[in-house]
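# below: sequence and its predicted model.
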Amino acid sequence: MRGGKVAVVGGSVAGCALASAAARAGADEVVVLERTRGRLADRGLGLCIHDGRAAELAATGALPAGIAAHPLTRRRWIVRDDAAAGPAGRVFWEQPFPFHSYHWGLLWRGLREATPASVVYRQGAAVTGVADTGERAEVRTADGNAEPFDLVVGADGYRSVVREAVCPQSRPVYAGYVCWRGNLDARRLEGLGHGGVPSDAVTTVCFTGGSCVVYPTPGPDGPRVNWVLYAMPPRGCRLPFDDPTSFPPGRVTEELTAHLSTLLEREFPPHWAQVLALTEPADTYVQPIYDLETARTTAGRLLLAGDAATVVRPHNTSGVAKALQDASAFEDAWRRAGSWAELLGGYHAARGAAGREMVALARRLGRGQVEQTPAWATMDHREVESWWRELLDGAADIGGQAMAREPRG
């Protein structure tokens with residue numbers, strides 16, 4: 001099947017990947033509608049992609065070559081132990097961690113630059129609604145225009161307008177806790193001592209009621225350090241539970257800032273408290289944790305991908321890999337299809353259950369690492385391995401599932 005006019009709502013990571021997939025598969029015209037006017041590449045957060053998923057995605061063309069990535073090989077789990085350990089804490093478990101870390105902005109830039117020249121990328125195009133009209137679909141924008149397309153792809157994130165048309169009953173559900181996120185220039189660690197931040201490892205700081213991951217990432221101006229701290233918000237804290245809105249840099253409340261300081265002082269080994277304290281307020285924000293699953297990923301001429309289809313808690317370290325896998329599955333379904341109905345049916349068969357399974361795994365990981373944390377400091381190697389296997393519950397690893405692929409005919 002070749003031809004057709006495709007709209008991709010959202011021009012972030014998932015949007016760029018889906019647009020490229022549609023163009024490669026044979027669409028006549030692909031239009032990306034991105035509501036923001038600013039530079040998406042300025043977003044500086046870190047992320048990780050499992051090496052196995054990266055190899056699969058590179059083979060399909062969903063992950064372009066040449067994007068800066070930092071290799072990680074192990075994950076260290078540590079606790080504060082004032083009696084038996086030094087300022088950097090005590091390592092109570094270490095496990096393999098075959099991932100590479102990325103800078104979000106550099107990843108997006110690589111995906112954007114790899115988008116075929118035939119793709120039209122419109123910034124400042126805010127989509128207010130979509131509708132399936134039977135033989136086609138319609139996109140309405142804030143300027144009052146309505147434009148017909150053969151297919152509309154929703155890659156517009158957790159507040160998806162397209163999802164409202166596909167699964168209006170699906171809403172993000174607040175998990176009951178938040179994460180503080182930050183990143184800093186690695187040069188700020190100079191002179192800190194106690195090993196700084198290991199260059200090949202993710203360090204997980206564990207405490208009652210929460211955990212924090214810290215790891216190195218590449219950056220546009222040199223190496224950086226990324227961290228994500230999960231914990232319950234302070235008692236009585238008012239959060240927008242009905243709207244999954246983050247507190248961006250510069251807008252984090254004094255209450256949330258003070259609670260972060262309390263956690264660092266009370267729960268963290270001194271060295272790791274100092275590492276996080278080096279983060280500038282302009283590089284720190286707070287994100288309430290939500291998850292979401294949809295009963296279907298397609299309806300008529302509408303299709304959902306990335307966070308528009310499922311919102312997975314970050315513990316699974318699979319968000320970007322999942323979005324790029326959606327793009328790979330979309331392209332594969334297109335190449336196998338003889339009609340739009342076959343395309344959408346093939347995509348849903350490949351990605352519907354996979355998304356729901358990732359949501360379920362991330363919920364288990366959140367329960368074990370935040371909501372019902374074990375007695376970390378008393379666990380031996382055998383106990384912590386058993387605890388981890390119980391959280392995985394049959395999953396091979398975190399980082400997303402391997403894609404089941406059949407040879408193309």
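Yes, it's here.

# wait, residue 279 sits on residue 184?
Yes - using Cβ atoms under 8 Å, residue 279 makes contact with residue 184 at a distance of 4.7 Å. Any C-beta I mention is one placed from the backbone N, CA and C, and that applies to glycine too.

# now the element after the helix or strand of the chain with the lowest mean pLDDT, going C-ward?
Lowest mean confidence among the helices and strands of the chain (mean pLDDT, DSSP states H and E): strand 284-291, at a mean of 90. Moving toward the C-terminus from strand 284-291, the next helix or strand (DSSP states H and E) is strand 298-299.

# neighbouring strands for that following strand, and are they parallel or not?
As defined by DSSP bridges, the strand partners of strand 298-299 come to strand 302-304 (antiparallel).

# just the mean pLDDT for the partner strand, thanks.
Strand 302-304 comes out with an average pLDDT of 98.

# work out the gap between that strand and the centre of the chain.
Relative to its chain's centre, strand 302-304 lies at 19 Å (Cα atoms, centre = their mean, to the nearest Å).

# contacts for it?
The contact list for strand 302-304, computed with Cβ atoms under 8 Å, 6 or more residues apart in numbering, reads 130, 132, 137, 151-154, 160, 162-163, 165-167, 294, 297-298, 330, 344, 347.

# got the contact list for residue 170?
With contacts defined as Cβ under 8 Å, 6+ apart, the neighbours of residue 170 are 163, 292, 293, 294, 295.

# quick one: which of those residues is nearest residue 82?
Ranked by distance to residue 82 (Cβ to Cβ), these are led by residue 292 at 40.7 Å.

# if I look at that closest one, how far off is residue 355?
10 Å (Cβ to Cβ, to the nearest Å).

# show me which of the two is the more surrounded one.
A count of neighbours by other Cβ atoms under 10 Å puts residue 355 above the other of residue 292 and residue 355, at 24 against 21.

# which residues do residue 292 and residue 355 both contact?
Shared contacts of residue 292 and residue 355 (Cβ under 8 Å, 6+ apart): residue 310.

# pretty sure residue 358 sits in a strand.
No - read with DSSP: H, G, I helix; E, B strand; the rest coil, residue 358 is helix and lies in no strand.

# pretty sure it is touching residue 318, no?
Yes - here residue 358 lies in contact with residue 318, judged by Cβ under 8 Å, at a distance of 5.7 Å.

# list residues touching both of those two?
Shared contacts of residue 358 and residue 318, defined by Cβ under 8 Å, 6+ apart, are found at 312, 400.

# can you tell me the helix or strand for residue 329?
helix 319-336.

# in that helix, what's buried?
Going by neighbour count (16 or more other Cβ atoms under 10 Å), the buried part of helix 319-336 is 319-335.

# picking up where we left off before, tell me the helices and strands packed up against the least confident helix or strand of the chain.
In terms of contacts (3 or more Cβ pairs under 8 Å, 6 or more residues apart in numbering; DSSP states H and E), strand 284-291 is packed against strand 173-185, helix 340-366.

# kindly export that strand (C-alpha atoms) in PDB.
What follows is strand 284-291, C-alpha atoms only, in PDB (Å, rounded to 0.1, in the frame of the first residue of the first chain):
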ATOM      1  CA  THR A 284      15.300  21.100  38.600                       C
ATOM      2  CA  TYR A 285      11.600  20.300  38.300                       C
ATOM      3  CA  VAL A 286       8.900  18.200  39.900                       C
ATOM      4  CA  GLN A 287       6.700  15.700  38.100                       C
ATOM      5  CA  PRO A 288       3.700  14.000  39.600                       C
ATOM      6  CA  ILE A 289       3.800  10.300  38.500                       C
ATOM      7  CA  TYR A 290       0.900   9.100  36.500                       C
ATOM      8  CA  ASP A 291       0.100   6.100  34.300                       C
END
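
# next, the buried residues of stretch 284-303.
For stretch 284-303, by 16+ other Cβ under 10 Å, it's 284-294, 297-303.

# got phi/psi on the nearest residue to residue 15 once chain neighbours are set aside?
Nearest non-adjacent residue to residue 15, counting by Cβ to Cβ, 6 or more residues apart in numbering: residue 155, 4.0 Å away. Dihedral pair for residue 155: phi -120, psi 40, per degrees, to the nearest 10.

# how far does stretch 248-256 stretch from start to finish?
Start-to-end span of stretch 248-256 (Cα to Cα, to the nearest Å) is 12 Å.

# what's it in contact with?
Here stretch 248-256 makes contact (Cβ under 8 Å, 6+ apart) with 178, 180, 233, 234, 237, 247, 281, 282, 283, 284, 285, 286.

# I'd assumed the fourth one was in a strand, is it?
It refers to residue 234. No - applying three-state DSSP, one finds residue 234 to be coil, outside a strand.

# quick check: closest non-adjacent residue to it.
Distances taken as Cβ to Cβ, 6+ apart place residue 259 nearest to residue 234, at 4.3 Å, with adjacent residues excluded.

# what helix or strand is that neighbour located in?
Taking DSSP H and E as the definition, residue 259 sits inside helix 254-267.

# show me what counts as buried in that helix.
Buried positions in helix 254-267, judged by neighbour count with 16+ other Cβ under 10 Å: 256, 259, 260, 263, 264, 267.

# now do stretch 367-380
Buried residues in stretch 367-380 (16+ other Cβ under 10 Å): 368, 369, 370, 373, 376, 379.

# for the residue nearest to the fifth one when sequence neighbours are not counted, helix, strand, or coil?
In space, not counting the residues next to it along the chain, residue 376 is nearest to residue 206; the distance is 4.3 Å by Cβ to Cβ, 6+ apart. At residue 206 the chain is in strand, as set by three-state DSSP.
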